[in-house]
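Asks: Return atomic coordinates for the entry below.
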Amino acid sequence: MRITDVEPIVLRLAQVDTTRADGTQDAFLVRIHTDEGIVGIGEADTSPYLARTVIEMPSSTRSRGASRRCSSARIRSRSTASGS
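Replies: I've put the predicted structure just below:
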């Protein structure tokens, strides 16, 4: 089984109270797709926009025009190498 896509999802309240900065007004989810049709959803307790940017930004080792599929494979190989 291989990861074919990693979808970052940012959730945020429609009306944000700028006097609060306690992390309750936004959230980060990630949807993972595999070549076998399995889809999983996870969450991270971090800045949603930072997490989304990390997933979407091009890697310095990736050639121009490469698909996100290559990036997804690297994410999978890193998590496997770390024992996750």
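
Asks: now the protein, which segments are flagged as low pLDDT?
Replies: For the chain, applying pLDDT under 70 flags the ranges 60-84.

Asks: Run through the strands of it in chain order.
Replies: Listed in chain order, the strands of the chain (DSSP state E) span 3-12, 26-34, 39-44.

Asks: Tell me which residue of this structure is furthest from the middle?
Replies: Farthest-out residue of the chain from its mean C-alpha position, per C-alpha atoms, centre = their mean: Thr19, at 27.7 Å.

Asks: Please report the distance of that residue from Gln25.
Replies: 11 Å (C-beta to C-beta, to the nearest Å). From N, CA and C alone the C-beta is placed, and that goes for glycine too.

Asks: ditto for Glu56
Replies: 22 Å.

Asks: Of the two, which one has the most company?
Replies: The neighbour count for Glu56 versus Gln25, taken as other C-beta atoms under 10 Å, is higher for Gln25 (15 against 12).
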